[in-house]
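Asker: Fold the following.
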Amino acid sequence: MSLPKQVRLVEVGPRDGLQNEKQPISVADKVRLVDDLSAAGLHYIEVGSFVSPKWVPQMAGSADVFAQIKQKPGVTYAALTPNMKGLEAAIEAGVSEVAVFGAASEAFSQKNINCSIDESLARFAPLMIAARENGIQVRGYVSCVLGCPYEGEVDPKRVAHVAHELFAMGCYEVSLGDTIGTGTPGKTRQLFETVGREVPRDKLAGHFHDTYGQALANIYASLQEGVCTFDSSVAGLGGCPYAKGASGNVASEDVLYMLNGLSIETGINLDMLIAAGQRISDVLGRSNGSRVARARLAVQ
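Answerer: Reported below is the predicted structural model:
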């Protein structure tokens with residue numbers, strides 16, 4: 001299969017990237033990050049999450065962030081809403097798109113959201129109805145698609161089942177997440193071949209963590225399977241609070257550099273993206289997780 005001519009990057013840094021940080025992050029710094037990403041040309045930014053701050057303290061203040069960011073026309077500013085209470089808060093904040101998440105692993109589902117896979121899907125039914133009634137699009141996530149920290153290998157058919165259920169209940173797109181980063185290109189292609197029989201490939205996205213250094217290779221394998229949407233995180237921010245040892249998401253800068261080299265259009269300015277990643281890395285007092293950014297900045 002030939003590679004796509006255009007790819008959409010879903011920037012998850014402000015939500016999935018920052019949720020695992022230990023130190024407090026001000027609303028002003030979150031707003032600056034989102035505005036920097038908008039300026040760099042990202043067309044989809046996951047801004048925050050409407051979840052109990054007891055469970056994810058860094059997502060406190062998401063409503064304030066939405067109120068203060070400079071929303072550009074043509075850019076989607078989304079939020080994660082794991083339940084009806086979260087959706088109601090998102091609606092009140094004027095959010096136009098939300099995301100829900102399930103898991104392909106029973107053990108991970110219990111650890112992450114304290115219920116079984118089927119129970120989690122059942123919980124989303126009223127949320128999907130309410131979102132539709134309010135004109136809000138819903139994107140779906142499936143975690144642990146290429147491995148689970150508690151169960152090990154995950155059957156692609158189980159991933160296909162969860163993805164199909166999310167798509168059938170109204171998610172316009174389903175992102176398949178390699179939460180602990182153990183996937184390899186061969187397994188990635190097999191995954192999309194299997195899930196692609198249940199959900200159209202143009203409705204699937206890839207979400208890869210770089211724990212084993214396989215994320216870019218897995219994205220290339222996904223491109224070969226006709227996948228055109230990928231989640232990534234500026235400066236490689238992120239991890240998963242419920243998956244021990246899971247390192248950050250693949251860095252947006254690294255993905256963009258590879259796509260540029262393949263002459264695949266994204267509409268994103270690499271230099272501005274690098275600057276945004278370095279700025280938030282400085283705020284966090286940590287090394288920039290993007291190899292491309294570190295290489296570029298080293299020669300300036």
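Asker: For the rest of this, base every contact and every neighbour count on C-alpha atoms.
Answerer: OK.
Asker: Okay, and P24 sits in which element?
Answerer: Secondary structure here is read from DSSP states H and E; on that basis P24 sits in neither a helix nor a strand.
Asker: Leaving out chain neighbours, which residue sits closest to it?
Answerer: Computed as CA to CA, 6 or more residues apart in numbering, the closest residue to P24 that is not its neighbour in sequence is Q58, at 6.7 Å.
Asker: so how far is the first residue of stretch 259-272 from its last?
Answerer: Criterion CA to CA, to the nearest Å; first-to-last residue distance in stretch 259-272 is 16 Å.
Asker: Which residues outside that stretch are in contact with it?
Answerer: Stretch 259-272 is contacted by residues 4-9, 36, 39-42, 253, 256-257 when judged by CA atoms under 8 Å, 6 or more residues apart in numbering.
Asker: Now, of those residues, which are buried?
Answerer: Burial by neighbour count, judged by 16 or more other CA atoms under 10 Å, picks out P4, V7, R8, L9, D36, A39, A40, G41, L42, E253, L256 from the contacts of stretch 259-272.
Asker: count of residues packed around the residue nearest to P24?
Answerer: By the criterion of other CA atoms under 10 Å, Q58 has 23 neighbours.
Asker: Repeat that for Q68.
Answerer: The tally of other residues near Q68 (other CA under 10 Å) stands at 15.
Asker: likewise W55?
Answerer: A count of nearby residues for W55, using other CA under 10 Å, gives 10.
Asker: Check which helix or strand it maps to.
Answerer: Element membership of W55 [criterion: DSSP H and E] is none; it lies in no helix or strand.
Asker: pLDDT score assigned to it?
Answerer: Among the per-residue scores, W55 shows a pLDDT of 79.
Asker: Could you pull up the residues touching the residue nearest to P24?
Answerer: Applying CA under 8 Å, 6+ apart, one finds that Q58 lies in contact with L18, Q19, N20, E21, P24, I25.
Asker: Regarding it, what is its secondary structure?
Answerer: The three-state assignment at Q58 reads helix, by DSSP: H, G, I helix; E, B strand; the rest coil.
Asker: And it, how far from S143?
Answerer: Distance check for Q58 against S143: by CA to CA, it reads 20 Å.
Asker: Same check on L259?
Answerer: Where S143 is concerned, L259 sits at a distance of 24 Å (CA to CA).
Asker: Tell me which of those two has more neighbours.
Answerer: S143 (24 against 19).
Asker: mind listing the strands for the stretch 51-200 of the chain?
Answerer: Listed from the start of the chain, the stretch 51-200 of the chain has strands (DSSP state E, counting those that start in this stretch) covering 76-80, 97-103, 137-143, 173-178.
Asker: TSV for these, including distance to E265 and mean pLDDT?
Answerer: TSV is the format used below for those (distance: least, CA to CA, whole Å; pLDDT from 0 to 100):
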stretch	distance to E265	mean pLDDT
strand 76-80	18	97
strand 97-103	24	95
strand 137-143	23	97
strand 173-178	20	98
